[in-house]
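Peer 1: Sequence and predicted structure are below.
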Amino acid sequence: MEARPAKSSASREFPAVDGNPALARLAARIGEISTLPEVVYRILTLVEDPETGASDLSDAVRSDPALAMRVMRTVNSPYYGLEEKVADLQQAIAILGFREIRNLAVTSHVATLFRTSEGYKHYSRKGLWQHLVATGVVCRMIAQTTGRIPPHEAYLAGLLHDLGLILLDQYAHASFCRVLDAISPDCPTCQVEMELLGFTHAELGQTVAQQWNLPEHLTAAIGFHHQPPDQCQLPYRPLVCAVAVADFLCHRQEVPSLGVPNAPLPTPDTFAQVNLERETLRQIVSQLETALRSADMMALLHVR
């Protein structure tokens, strides 16, 4: 069974598809080919249900042997550093937590799009994957430091923020290569996309995220991380702004999405929405090297 698209308030707030035939056509074509796997949709639903127990979630994970293996490999990885190996799936779920299992399920699906090594000029799918994981890790670090947003939500939003770039690479590769030809350190990707495509990867990613029925806070992070904070709904602004800052910091540390560090400096209001004052930001920057090493470990873990 496939997840059915939902008409959310985020789609009413960002009416790009209604007024953009090119975006509408591409999103419709992607919707015909790519859907969120049933097991991922089921886990998303279970995690949001307060009545869900560990046995319910373990049943869902067991229905996908590849995901179950990924959960077991993750809980027993050096990243978690447990003294004793875990052999029971339900115990692994209890250790990792429901939202981490959700993150693993979504990550597993996104990782399947990176199994080929095709690239173009300065871009590689491996590089984009590393950027996504790095942005998730840095976004979670921002959440932990500032206390404005839940760290698990921050990680997943960071991981998914450039979903539109993945989709352009997969489903509109010729147009994607035209964008790659035109970007430069002084020319932001969204500016080039608007000039060449008539829409941005953020708009495409948000549209498909709505088709996949992803939660609204995630679709907002995907759609608005390149927009001024006042363009998105108030409850989502801290998360969206944390993603924007994490994205910029990863570009600054030479872990860019498309091989060219061209993310623009976030506005002062963007930093303010996440309570990132100068000293707090300096503290985060000082920890970036360690965080990015952690991201490299997680990137390898998720694609094996």
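Peer 2: Okay, I see it. Residues are numbered from 1 along each chain as shown.
Peer 1: Helix or strand for the closest residue to residue 157 other than its chain neighbours, just tell me which one.
Peer 2: Nearest residue to residue 157, sequence neighbours excluded (CB to CB, 6 or more residues apart in numbering): residue 221, at 3.8 Å. The C-beta positions use only the backbone N, C-alpha and C, and glycine is treated the same way. Assigned by DSSP states H and E, residue 221 belongs to helix 216-224.
Peer 1: I'd like to know how far residue 69 sits from residue 76.
Peer 2: 11 Å (CB to CB, to the nearest Å).
Peer 1: coming back round to it: so what touches the helix holding residue 221?
Peer 2: 8-10, 14, 153, 156-158, 160-161, 163-164, 202-203, 205-206, 209-210, 214, 231-233, 235-236, 239-240, 243 (CB atoms under 8 Å, 6 or more residues apart in numbering).
Peer 1: Buried members of these into PyMOL, please.
Peer 2: The PyMOL selection below is limited to those of the contacts of helix 216-224 classed as buried (16 or more other CB atoms under 10 Å):
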select buried, resi 8+10+14+153+156+157+158+160+161+163+164+202+203+205+206+209+210+214+232+236+239+240+243
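Peer 1: From the contacts of helix 216-224, which land in helices?
Peer 2: 9-10, 153, 156-158, 160, 163-164, 202-203, 205-206, 209-210, 239-240, 243 (DSSP state H).
Peer 1: Just to check, residue 101 is in contact with residue 90?
Peer 2: No. In this structure, residue 101 is not within contact of residue 90 by CB atoms under 8 Å, at 11.0 Å.
Peer 1: quick one: low-confidence ranges for the protein?
Peer 2: Where the chain drops to pLDDT under 70, the residues are 1-18, 115-118, 297-304.
Peer 1: again, only this time at 80
Peer 2: Low-confidence segments of the chain (pLDDT under 80): 1-19, 34-35, 79-81, 112-118, 293-304.
Peer 1: could you pull out the strands for it?
Peer 2: 119-120, 123-124 (DSSP state E).
Peer 1: Out of those, flag the one nearest residue 291.
Peer 2: Comparison of the strands of the chain against residue 291 by CB to CB identifies strand 123-124 as nearest, at 21.5 Å.
Peer 1: Now do the same contact list for residue 43.
Peer 2: Per CB under 8 Å, 6+ apart, neighbours of residue 43: 57, 60-61, 101-102, 105.
Peer 1: ok, of the residues you listed, which one's closest to residue 279?
Peer 2: Closest to residue 279, out of all of these and judged by CB to CB, is residue 102, at 33.3 Å.
Peer 1: that older thread, I'd like the distance between the residue nearest to residue 157 and residue 44.
Peer 2: Distance from residue 221 to residue 44, counting by CB to CB: 15 Å.
Peer 1: which one in the protein is furthest away from the centre?
Peer 2: residue 84 (31.2 Å; CA atoms, centre = their mean).
Peer 1: What separation do you get for that residue and residue 91?
Peer 2: Counting by CB to CB, the gap from residue 84 to residue 91 is 11 Å.
Peer 1: got it, and residue 64?
Peer 2: For residue 64, the distance to residue 91 - CB to CB - is 18 Å.
Peer 1: Between the two, which is the more surrounded one?
Peer 2: The residue with more neighbours, out of residue 64 and residue 91, is residue 64; 19 against 14, by other CB atoms under 10 Å.
Peer 1: quick one: buried residues of stretch 36-48?
Peer 2: Along stretch 36-48, these residues count as buried under the neighbour rule (16+ other CB under 10 Å): 36-37, 39-44, 46-47.
Peer 1: pull the CA atoms of it into CSV?
Peer 2: Extracted in CSV, the C-alpha atoms of stretch 36-48 (Å, rounded to 0.1, in the frame of the first residue of the first chain):
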residue,chain,number,x,y,z
LEU,A,36,7.6,6.6,0.4
PRO,A,37,8.0,2.8,1.2
GLU,A,38,5.1,1.4,3.2
VAL,A,39,7.3,0.4,6.1
VAL,A,40,8.7,4.0,6.4
TYR,A,41,5.2,5.5,6.2
ARG,A,42,4.0,3.0,8.9
ILE,A,43,6.9,3.8,11.2
LEU,A,44,6.3,7.6,10.8
THR,A,45,2.6,7.0,11.7
LEU,A,46,3.5,4.8,14.7
VAL,A,47,6.1,7.2,16.1
GLU,A,48,3.6,10.0,16.1
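Peer 1: Thanks a lot, see you next time.
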